[in-house]
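[1] Build me a structure from this.
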Amino acid sequence: MLILPAIDIIDGNCVRLTKGDYGTAEKVAEDAFLTAEGFRTEGSEWLHVVDLDGAKARKPVNHGLIVRLAKESGLKTEVGGGIRDLATVSYYINNGIDRVILGSAAVKQPEFVKEAIGLYGEHIAVGIDAKNGFVSAEGWLEDSVIDYITLAKKMEEIGVKTIIFTDISKDGTLQGPNLEQLDTIQNAVGCDIIASGGIKDLDDIRALTQMGLYGAICGKSLYKGTLDLKEAIITARGSLWT
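    Numbers count the residues shown, from 1 in each chain. The predicted structure follows:
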């Protein structure tokens, strides 16, 4: 299983939110570039970056910083937040981003997702963020009546290979991921599933590896010190040989 340390950006700063509430934004690091360098030193191969300003504005805001961060860190990088058109997708991929995450577009613009998949294949991932099992959009500011499994199956049908699933009620809480919902989506579709939200410690990493997930995004746990990145990577890699 891959471990993807996370950097969320507001006004150029590294922040973490609780349950997606922008009012809870807490600055967790002084410098995104030093933070990413630290992740690489600890053994990470990937970086998960979210343009929170972009998610709220519905267009890229911190894109220049994110592209520079990916290049200077040397890490494979996936990016989400405010990506609503092919021009933005192309900008990121043509500037070295390895995977572009489409979230709100999966709910509101499935034909755009299909077109992006047709052009860029496995460089496209879909983020499914849910409250009580129903999908939210627009930086988690809008709720829908779409069941997360229904959306996952629809995305699989149009060719999506990677899904990032977040239970919003768990995100930023350090209360553990929603193992039940992750198990359900893992068994409902053949896509690679990346867990996001609530991961606290090595016990959570072990539980996710045992489920056979493709990856896990770790944010607040790394910044608060409840999870050691190097230990998490070693534990997750162990799943490759079990």
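[2] residues near the nearest residue to F112 once chain neighbours are set aside, how many?
    Spatially, and ignoring its direct neighbours in sequence, F112 is nearest to A105 (5.4 Å; CB to CB, 6 or more residues apart in numbering). C-beta here means a position set from N, CA and C on the backbone, and glycine is covered the same way. Using other CB atoms under 10 Å, A105 has 21 neighbouring residues.
[3] Can you tell me how far A105 is from A236?
    Here A105 is placed at a distance of 29 Å from A236 (CB to CB, to the nearest Å).
[4] Shouldn't the residue nearest to F112 be within a helix?
    Yes. Counting by DSSP: H, G, I helix; E, B strand; the rest coil, one finds A105 located in a helix.
[5] Surely it and L86 touch.
    No. In this structure, A105 is not within contact of L86 by CB atoms under 8 Å, at 10.4 Å.
[6] Need the overlap of contacts for those two.
    F112 (CB atoms under 8 Å, 6 or more residues apart in numbering).
[7] what comes up buried for the host helix or strand of L17?
    For L17, the element it lies in under DSSP states H and E is strand 13-18. The neighbour-count check on strand 13-18 (16 or more other CB atoms under 10 Å) flags N13, C14, V15, R16, L17 as buried.
[8] ditto for stretch 206-218
    A207, L208, T209, M211, L213, Y214, G215, A216, I217, C218.
[9] hey, C-alpha coordinates of the strand holding L17 in CSV?
    Extracted in CSV, the C-alpha atoms of strand 13-18 (Å, rounded to 0.1, in the frame of the first residue of the first chain):
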residue,chain,number,x,y,z
ASN,A,13,0.4,28.2,3.6
CYS,A,14,0.3,24.5,4.7
VAL,A,15,-2.9,24.1,6.7
ARG,A,16,-5.2,21.3,8.0
LEU,A,17,-8.9,21.5,8.4
THR,A,18,-11.3,19.5,10.6
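[10] switch to numbering from 49
    Yes, from this point I'll number from 49; that puts the last item at strand 61-66.
[11] What's the first helix or strand after it?
    In N-to-C order, the element after strand 61-66 by DSSP H and E is strand 69-77.
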